[in-house]
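Peer 1: Curious how this folds, go ahead:
(chains A and B)
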Amino acid sequence: MVMKIATWNVNSLSVRLPQVLAWLAANPVDAIGLQELKLTDDKFPHDAFKEAGYEAVAFGQKTYNGVAILSRHPMADVVRNIPAHEDAQARVIIATLDTPTGPLRLINGYFVNGQEPGSEKFAYKMRWLQALQDLVRAEMAAHPRLALVGDFNVAPEDRDSYDPVGLRETIHHTTEERNHFKALLELGLTDSFRMFEQPEKIYSWWDYRMLGFQKNRGLRIDHILVSEALRASVTACVVDRAPRKNPQPSDHAPVVVTLG
DNA sequence: ATGTCGACGAATCGTCGA
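Peer 2: Numbering: from 1, shown residues only, chains lettered A, B, ... in the order given. Okay, here's the model as predicted:
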C-alpha cells in the first residue's frame, strides 16, 4: 500500500488555487500540508478540494501566514497552533489521518522566517522553535506514526544552500536555527530527503528576484521529517521543481515523500 | 541597497513581509 505525503508553501492560496488543483490532479498524493494561505477560513476553497477528492482542515488568517492539511483519508483530533504558546499568527495545524496502514499524525508548520539574526523577529523565531519542539515531543509520545512537514525556513546544512559561504550565519543559515533543526532530529525524527542519495544542489525555494530559479540560487528549507515508526516504510523523497516553472509560480516547490 | 512577488489601504502607488 503505497502512500504519498507532500508539503507546499503556496504563497497565497487565492492566487495559486488553480496550480494546486492541477498539481494534485497530476500528483494525487494522500495528503498535503499547505502553508502561506494568506486567506481567512471563510474564504478557504473547501468545495474545490472536495471535488478533487480531498477533505481539508484549515487555519488561516488575513494577509499573512495560514496553514491547511488536505487529505484523501478521514481526519480527526485537529489542533491549531501551539496550544502552550500564545501566538497571533496562524502557523501550525495538526491532524490524525485514518490511513489504511493505521493512524498517521501529521504536523504541518509554517515556521517563522526571522528576517535577520539579532532582530525582534529572530527572537520570536527562536521562542517559536522552542515551543514547537516541546509540542512535537509531546505529540510523538502520543502518536508513534508521525510526520512533521512544512516550510521550516531553515537550511539544515551547508549543502542545502546555493551559497553557504557568502550566506554564512545569515537568516536560514545560523547556528541557532540549525541547532533547533538538529533538536527535532534528536527527538527521533529523520529528514526523509537525506535518507537517500540525492543529486547535488537540490533546493525547494528560490527568491523571485535576480533570476533566482533560473540560476538555481535556492535553499532547501521545506522538509518532511518522519518518526522512527514511519522511517522503515519511506522509499523516496523528492522535490518537484515543475510547478516553479509555471507562469505565476509560488517561490516554493512541493516536496513529496513516498511510504511503501 | 538592490531585485520580485502578493496583500492591503487608499490609491491608480506606497508600504510591508518574504
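
Peer 1: Which residues of chain A lie near DNA strand B?
Peer 2: Within reach of DNA strand B by C-beta under 7 Å from any atom of the strand, chain A has these residues: A:11-12, A:14-15, A:38, A:62-64, A:112-113, A:115, A:121, A:207-210, A:248. For every residue, glycine as well, the C-beta is placed using N, CA and C.

Peer 1: Skipping adjacent residues, who's closest to the spatially most central residue of chain A in space?
Peer 2: Central residue of chain A (C-alpha atoms, centre = their mean): A:Gly150, 1.0 Å from the mean position. Using C-beta to C-beta, 6 or more residues apart in numbering and skipping residues adjacent in sequence, the residue nearest A:Gly150 is A:Gly109, 3.8 Å away.

Peer 1: I'd like to check which residues are in contact with that neighbour.
Peer 2: A:Gly109 is in contact with A:Gly33, A:Gln35, A:Val67, A:Arg91, A:Val92, A:Leu132, A:Leu148, A:Val149, A:Gly150, A:Asp151, A:Phe152, counting by C-beta atoms under 8 Å, 6 or more residues apart in numbering.

Peer 1: roughly how far apart are it and A:Val257?
Peer 2: 15 Å (C-beta to C-beta, to the nearest Å).

Peer 1: ok, which stretches of chain A are strands?
Peer 2: A:3-9, A:31-35, A:55-59, A:67-71, A:75-80, A:92-99, A:102-110, A:146-151, A:190-191, A:205-206, A:218-219, A:222-226, A:234-239, A:255-259 (DSSP state E).

Peer 1: hang on, the earlier thing: now, of the contacts of A:Gly109, which are buried?
Peer 2: Buried by 16 or more other C-beta atoms under 10 Å: A:Gly33, A:Gln35, A:Val67, A:Arg91, A:Val92, A:Leu132, A:Leu148, A:Val149, A:Gly150, A:Asp151, A:Phe152, out of the contacts of A:Gly109.

Peer 1: Now render those residues as CSV, adding pLDDT.
Peer 2: Formatted as CSV, those follow (pLDDT from 0 to 100):
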residue, pLDDT
A:Gly33, 98
A:Gln35, 98
A:Val67, 98
A:Arg91, 98
A:Val92, 98
A:Leu132, 98
A:Leu148, 98
A:Val149, 98
A:Gly150, 98
A:Asp151, 98
A:Phe152, 98
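
Peer 1: Quick check, pLDDT for the closest residue in space to A:Gly212 that isn't next to it in sequence.
Peer 2: Leaving aside its chain neighbours, A:Gly212 sits nearest to A:Trp206 (4.0 Å; criterion: C-beta to C-beta, 6+ apart). A:Trp206 is assigned 98 on the pLDDT scale.

Peer 1: Packed most tightly, which of the strands of chain A would that be?
Peer 2: Among these, ranked by average contacts under mean count of other C-beta atoms under 10 Å, first place goes to strand A:31-35 (a mean of 28).

Peer 1: I'd guessed A:Trp8 sits against A:Asp251; true?
Peer 2: No - judged on C-beta atoms under 8 Å, A:Trp8 makes no contact with A:Asp251 at a distance of 11.1 Å.

Peer 1: Flag the shaky bits of chain A, pLDDT-wise.
Peer 2: Within chain A, no range satisfies pLDDT under 70.

Peer 1: longest helix in chain A, by residue count?
Peer 2: helix A:120-142 (DSSP state H).

Peer 1: Name the residues of stretch A:131-148 that are buried.
Peer 2: A:Ala131, A:Leu132, A:Gln133, A:Leu135, A:Val136, A:Glu139, A:Met140, A:His143, A:Arg145, A:Leu146, A:Ala147, A:Leu148.
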